[in-house]
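Visitor: How does the following fold in three dimensions:
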Amino acid sequence: MSARPYITCRELIDFIADYLDGALTQIQANDFTRHLDICPSCRAYLATYQVTIRAGKEALRYDDSANEDAPEDLIRAILKIRDR
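Guide: Below you'll find the predicted structure:
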């Protein structure tokens, strides 16, 4: 019996969200990590993807105290543009 072929970089990118969510089957997860073991570009891509996800979550955290120092005119102007 021959070894399973490696997934491609494109396949890895297509499955990256499912991999991080733990939604891949065991075979798919093994194929994913096998590819990472041999592909420094995909390891770098995965690391960048994870940083981006963390930054996005951090940006979406809402803090009311951040608005306390904002000028009222600025807030109104931003809301006006946003509602267009």
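Visitor: Just give me the neighbour total for residue 31.
Guide: 20 (other CB atoms under 10 Å). All C-beta atoms are positioned from the backbone trio N, CA, C, and that covers glycine.
Visitor: I'd say it and residue 3 touch.
Guide: No: Residue 31 lies out of contact with residue 3 (CB atoms under 8 Å); the separation is 11.0 Å.
Visitor: tell me, what residue is most central in this protein?
Guide: residue 53 (3.7 Å; CA atoms, centre = their mean).
Visitor: got a list of what it touches?
Guide: residue 20 (CB atoms under 8 Å, 6 or more residues apart in numbering).
Visitor: how close does it sit to residue 60?
Guide: Distance of residue 53 to residue 60, computed by CB to CB, to the nearest Å: 11 Å.
Visitor: what do you get for residue 46?
Guide: On the measure of CB to CB, residue 46 and residue 60 end up 21 Å apart.
Visitor: Between those two, which is the more surrounded one?
Guide: residue 46 (18 against 7).
Visitor: That one: helix or strand, and which one exactly?
Guide: According to DSSP states H and E, residue 46 maps onto helix 40-60.
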